[in-house]
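I'll drop the sequence and a predicted model, then ask my questions.
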Amino acid sequence: MSGMRKVILALLVAGPLAACSGGDRGLHRFGADATGPDEFSVMPMRPLQMPETFALADPTPGGSNRADPNPVGDAIATLGGSQAAGNVGGVPASDVALVAVAGRAGIDPAIRATLAAEDAAFRRRASVINALNWAGRDRYFRAYAGQALDAYAELARFRALGVAVPSAPPGN
């Protein structure tokens, strides 16, 4: 067998083996060319401050973080709300009726585990189809398209019912 034939035979054997190798066959394809928001440009940062002492602070389980004492309130303020809204415990008074209606049929304590198992099975089925994705396209939104709401159709439906809806959210 000539040297060139050995090289071609090695490539013919190695190619399918490399294609069948394991790895995560998730629905999302993250790469350097992916576009998206820069989360760090959204949140305003406080200026650095010199601590009173360089000794490590004692841990406070369940307490606040010295670097970020009110993260929820800061996030709410960044989005245009009141920072004090992040300090309230329990359900806000404006949402009590909503929570009551949502829980009227009872609350399943294992709902998170149930949904996680069902979604894992769904993604496993979708990943089988995604295995044929040789171009490396992101198939996440196509896989979940049947479960997505059309914002503009919902806007029209709610307006037809007489619900005051100012506008639909912008598209992706």
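That came in fine, so what should we check first? Quick caveat: nothing in here was measured; it's all calculated off a predicted structure. Numbering: from 1, shown residues only.

give me the neighbour count for residue 142.
14 (other C-beta atoms under 10 Å). The C-beta positions use only the backbone N, C-alpha and C, and glycine is treated the same way.

equivalent analysis for residue 13, please.
Count around residue 13 with other C-beta under 10 Å applied: 10.

go on, residue 156?
13.

mind listing what's buried in the helix or strand hosting it?
Using DSSP states H and E, residue 156 sits in helix 151-160. Of the residues in helix 151-160, those with enough neighbours to count as buried (16 or more other C-beta atoms under 10 Å) are residue 155.

what pLDDT, on average, does the helix or strand in which residue 99 is found get?
When elements are defined using DSSP H and E, residue 99 is found to belong to helix 96-102. Helix 96-102 shows a mean pLDDT of 88.

again with stretch 81-90
With pLDDT averaged residue by residue, stretch 81-90 scores 72.

can you check stretch 113-124 too?
Here the mean pLDDT over stretch 113-124 is 89, rounded to a whole number.

CA atoms only: put that stretch into CSV for me.
This file holds the C-alpha atoms of stretch 113-124, laid out as CSV (Å, rounded to 0.1, in the frame of the first residue of the first chain):
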residue,chain,number,x,y,z
ALA,A,113,-37.9,19.2,40.0
THR,A,114,-40.8,18.1,37.8
LEU,A,115,-40.2,20.9,35.3
ALA,A,116,-36.5,20.3,35.3
ALA,A,117,-37.0,16.6,34.4
GLU,A,118,-39.6,17.3,31.7
ASP,A,119,-37.4,20.0,30.2
ALA,A,120,-34.3,17.7,30.2
ALA,A,121,-36.3,15.0,28.4
PHE,A,122,-37.5,17.6,25.9
ARG,A,123,-33.9,18.9,25.3
ARG,A,124,-32.7,15.3,24.9
